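>>> Below: sequence and its predicted model.
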Amino acid sequence: MTIQYNPEKRIPHPALWGVLYRSSTPFWEGAKQKELRLQRCKGCGAFLHPPRPMCPHCLSAESEWVRAKGKGKVYSWVTYHESPNPAFKAPYAVVLVELEEGPRIVSNMIDTKPEDIYIGMPVEVVFDDVGQDLILPKFKKAG
Amino acid sequence: MEYNPAFPLLRPYTDFDNRGFWEGIKRHALVFQRCKHCGLFVHRPRPMCPRCLSTEKEWVPSEGKGKIYSYVTVHYEKTGYPGIKVPYSVVVVEMLEGVRIIANVEGIEPEELRIGMPVEVTFEDIAEDLTLPRVKKREVGSP
Amino acid sequence: MFDQYLARRYRTTTRPRKEDYLVRDNAAIVGIGATEFSRDSGRSEIQMACEAIKAAVEDAGLRMEDIDGMVRFAMDFTDEMHLISALGIPELSYFAECGYGGGASCATVMHAAAAVVTGMANYVVCYRTMNERSGRRYGHTPGVGFVKTTPSDHFGYIMPFGLTSAPIWVAMFATRYMYEYGVRPEQLGWVSVVFREHACRNPKAMFYGRPITLQDYLNSRMIVEPLRLYDCCVDTDGAVALIVTTAERAKDLKQRPAYILGATQGTATEGETMTSYYRPRITIIPESWYTAQELWRVTGVRPEDVDVVQFYDAFTCLVPMQLEEYGFCEPGEGSAFCEGGDRIRIGGELPCNTSGGHLSEAYIHGMNLIAEAVRQIRGTSTAQVPDVELSLVTGGLGVPTSAILLRK
């Protein structure tokens, strides 16, 4: 089951943090288009996540944003029994998904109860329009 | 002074140590912190007397008289505060008690400003939650 | 509290022993790197920091993995964690930050020198990055979105009165300085004209190719009386980075080392950030005076031995004041020293701000001044002073400050 929100509370918005460095803007633009995008260095092809202005392997400042396949496995997860933020209704789970390409992202499950999540569970990305001008990448159990 | 109401003036931050000063200003009274132990006037308000390190203090009304110690007149609107129309003047006044305060002027044109000009303190109620001291010309020899 | 300072009595007997100052001759600046200086960089501050650090590492002839220390400005919006992740620096064993805006400039080198001399790190990078022209401009009043001023309590006594930006804060000192010493605007104008001349020799300066005359200075618009447009430094988008290591390691690297003879910090009582209006006299800068006394004490150098100096010139009036505080002339004589420009220009008795300084090259909070001081030692400045042995840099004014003295 999907995470429940309190409609009159403000969901923390990525723009609150991402503005200063600018590196993450293409990730959230991709989410608006319902695409999972990852930054890849043009110099050596390494995936850079979290996004950054320079590639730590080859020091190139040139990078591109490519569409990720969207498949991965659960690397770790937590279950909140008491919600820390009024926007979210407890209980809910937060997962750390290791994508096939290598990088890991934090997200929620859209269709799985917290007690059914396990490390190594295969997942694939879906996009959830949660309102408040926010479309978030989430995961469902893969076949 | 002419204000632009779209930009309210910045309010001072009041805390344990300076509340007495700003509450005095609200009542149209200029008060200064004085150390109860050694009698030193301390401005701006501090938690401890810098001379004898006592934390005992009292708020003593000032005579409200002093001389201009230095002054500026802001001409360029982007350098000044957008809530105040340029040109506007700001002065540092050395009070008879020996301490200095910063204030705007009332009834003194920029070209009239002189170091050493005798002034006295008056007050302006700018908003419900903001009263500020001002200085105007003082006749020397007045009581 | 102020008696010692007002009488210009600096007691060396209460200071550490000179022989215990381990930094002298044991550390050096071995690499300098910078982005271009512009009105709009078109990219983020962290990216410029990466580029400047990468350039400094290449300048030093090192590899990025050699960097194991980092010193930043507390005021900087970037941090060690994200920089090392972008640069691929595996670990840092020393990281520090220096506060008070521009006062931190030479202090970053001082902390880096202390780290390498005490064996905490091998190669320490000091940097500053800012989009100050395209982003938040220090010459303008900062964000008006907040109605209550910050818990920096002193702002409550100045902000409601419209004393809201650096030019206004400094102008209050300038009025008093000009009054007490009878300073004429032309005397300050010469500082602006001469530093612009130096910038016109430096293709990387923001005002390269745009000389000004004293008449241009006097005709320029009044920003906040008594400061005119050409009294104020530029706002810049850019980044500068420096690499510091021990003198021993410096010998084997690519460039001629700029050995650190002394690096000091100083602050003094009764101060407020840029607004110390409560001291017995406000025509003086006790922080700078004390930093200078410490510097002359630990290096054994006298002001007259210095060959070239980069003064922190956020505003022209600060240059004569620093000439007095650092002991290049008597109190009150700083403006006469600058009049005519002959003594402070290249070829004169004390060449100042030879790349154009903050007034005409770029304003990277003092770091571009340190880079120029290093170039003077290396012999690669665009306005090179012949036979430079000692090169001085001063840190930001009106705040706890710092200074360094480099030698060949």
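Thanks, I have the structure now. Numbers count the residues shown, from 1 in each chain, chains lettered A, B, ... in the order given.

>>> what residues are up against the spatially most central residue of chain C?
Chain C has C:Gly366 as the residue nearest its centroid, 3.1 Å off, counting by CA atoms, centre = their mean. C:Gly366 is in contact with C:Gly102, C:Ala104, C:Ser105, C:Cys106, C:Arg128, C:Tyr312, C:His358, C:Val393, C:Gly395, C:Gly396, counting by CB atoms under 8 Å, 6 or more residues apart in numbering or on different chains. From N, CA and C alone the C-beta is placed, and that goes for glycine too.

>>> which ones are touching the second one?
Applying CB under 8 Å, 6+ apart to C:Ala104 gives the contacts C:Phe73, C:Ala74, C:Met75, C:Glu97, C:Cys98, C:His365, C:Gly366, C:Gly395, C:Gly396, C:Ser402.

>>> helix/strand/coil for the closest residue to chain B within chain C?
Closest to chain B within chain C is C:Gly156: 2.8 Å, counting by CB to the nearest CB. Classification of C:Gly156 using DSSP: H, G, I helix; E, B strand; the rest coil returns helix.

>>> Compute the number of surrounding residues for the residue of chain B found nearest chain C.
Closest contact between chain B and chain C, by CB to the nearest CB, is at B:Pro12 (2.8 Å). By the criterion of other CB atoms under 10 Å in any protein chain shown, B:Pro12 has 22 neighbours.

>>> distance of the closest residue in space to it that isn't next to it in sequence from B:Lys137?
Among residues not flanking B:Pro12 along the chain, C:Gly156 sits closest, at 2.8 Å (CB to CB, 6 or more residues apart in numbering or on different chains). As judged by CB to CB, to the nearest Å, C:Gly156 and B:Lys137 stand 26 Å apart.

>>> So for these two, which sits in the more crowded spot?
Taking neighbours as other CB under 10 Å, C:Gly156 and B:Lys137 compare with C:Gly156 leading, 22 against 14.

>>> any chance you could map the strands in chain A?
Assigned by DSSP state E, chain A shows strands spanning A:4-5, A:37-41, A:47-48, A:63-67, A:71-80, A:88-89, A:92-99, A:104-107, A:122-129, A:135-141.

>>> nearest to chain C, of these?
strand A:47-48 (8.5 Å).

>>> Neighbouring strands - and their directions - for that closest one?
strand A:37-41 (antiparallel) (DSSP bridges).

>>> so how far is the strand it pairs with off the chain centroid?
Offset of strand A:37-41 from its chain centre (CA atoms, centre = their mean, to the nearest Å): 14 Å.

>>> Mind pulling the model confidence for C:Gly145?
For C:Gly145, the model assigns a pLDDT of 42.

>>> and the gap between the closest residue to C:Tyr127 other than its chain neighbours and C:Ala60?
In space, and not counting its chain neighbours, C:Tyr127 is closest to C:Ala241: 3.9 Å by CB to CB, 6+ apart. Remark: distance between C:Ala241 and C:Ala60 (CB to CB) = 10 Å.

>>> what do the two both touch?
Shared contacts of C:Ala241 and C:Ala60, counting by CB under 8 Å, 6+ apart, come down to C:Gly31.

>>> Would you map the helices across chain B?
B:19-26 (DSSP state H).

>>> do the worst-scoring helix or strand of it on mean pLDDT and chain C meet?
Ranked by mean pLDDT, DSSP states H and E, the weakest helix or strand in chain B is strand B:41-42, scoring a mean of 90. No - contact of strand B:41-42 with chain C is not found when judged by CB under 8 Å from any CB of the partner chain; the minimum separation is 9.8 Å.

>>> Can you name the residues that contact the closest residue to A:Asp111 other than its chain neighbours?
Counting by CB to CB, 6+ apart, A:Lys140 is the residue found nearest to A:Asp111 once chain neighbours are left out, at 4.8 Å. Residues in contact with A:Lys140, defined by CB under 8 Å, 6+ apart, are A:Met109, A:Ile110, A:Asp111, A:Thr112, A:Val123, A:Glu124, A:Val126.

>>> May I see the ChimeraX selection of the buried members of those?
Of the contacts of A:Lys140, the buried ones can be selected in ChimeraX as follows, counting by 16 or more other CB atoms under 10 Å in any protein chain shown:
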select /A:109,110,112,123,124,126
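
>>> Name the spans of the chain whose pLDDT lies under the cut-off.
Since you didn't name a chain, this refers to chain A. In the predicted model, chain A carries pLDDT under 70 at residues A:1-2, A:15-21.

>>> Not quite, go with chain B.
Ranges of chain B meeting pLDDT under 70: B:142-143.

>>> let's see it at 90
B:1-2, B:4-19, B:42-55, B:77-78, B:82-83, B:127-129, B:139-143 (pLDDT under 90).

>>> mind listing the strands for it?
Using DSSP E, strands in chain B cover B:31-35, B:41-42, B:57-61, B:65-74, B:88-95, B:100-105, B:118-127, B:130-137.

>>> circling back to that earlier point, so which of the contacts of A:Lys140 is the closest to C:Gly31?
Nearest to C:Gly31 among the contacts of A:Lys140 is A:Val123, at 46.5 Å by CB to CB.

>>> contacting residues around residue 32?
Since no chain was named, I'll use chain A. A:Ile135.

>>> my question was about chain B
B:Phe21, B:Phe41, B:Val42, B:His43, B:Trp59, B:Val60, B:Ser62, B:Met95, B:Glu97, B:Val99.

>>> what helix or strand does C:Gly189 sit in?
Assigned by DSSP states H and E, C:Gly189 falls within helix C:185-199.

>>> Quick one: neighbours of C:Pro90, just the number.
11.

>>> ugh, wrong one, B:Pro133
For B:Pro133, using other CB under 10 Å, the count is 22.

>>> list the contacts for it?
Per CB under 8 Å, 6+ apart, neighbours of B:Pro133: B:Ile25, B:Leu30, B:Ile101, B:Ala103, B:Val121, B:Thr122, B:Phe123.

>>> again, but for C:Ala52
So C:Ala52 contacts C:Gly33, C:Ala34, C:Thr35, C:Tyr127, C:Thr129, C:Gly238, C:Ala239, C:Val240, C:Ala241 (CB under 8 Å, 6+ apart).

>>> tell me the phi and psi of the second one?
Note on C:Ala34: backbone dihedrals following degrees, to the nearest 10 are phi -150, psi 160.

>>> Need the pLDDT of the residue nearest to it when sequence neighbours are not counted.
Counting by CB to CB, 6+ apart, C:Ala34 lies nearest to C:Val240, which is 4.5 Å off, once chain neighbours are set aside. Per-residue pLDDT puts C:Val240 at 98.

>>> and what of C:Thr141?
65.

>>> Could you do C:Thr150 as well?
54.

>>> Please apply the same query to the one 10 residues further on.
The model reports C:Pro160 with a pLDDT of 84.

>>> got the contact list for it?
B:Leu9, B:Leu10, B:Arg11, B:Pro12, B:Leu130, B:Leu132, C:Thr149.

>>> for C:Arg43, same thing?
Here C:Arg43 is in contact with A:Arg22, A:Pro53 (CB under 8 Å, 6+ apart).
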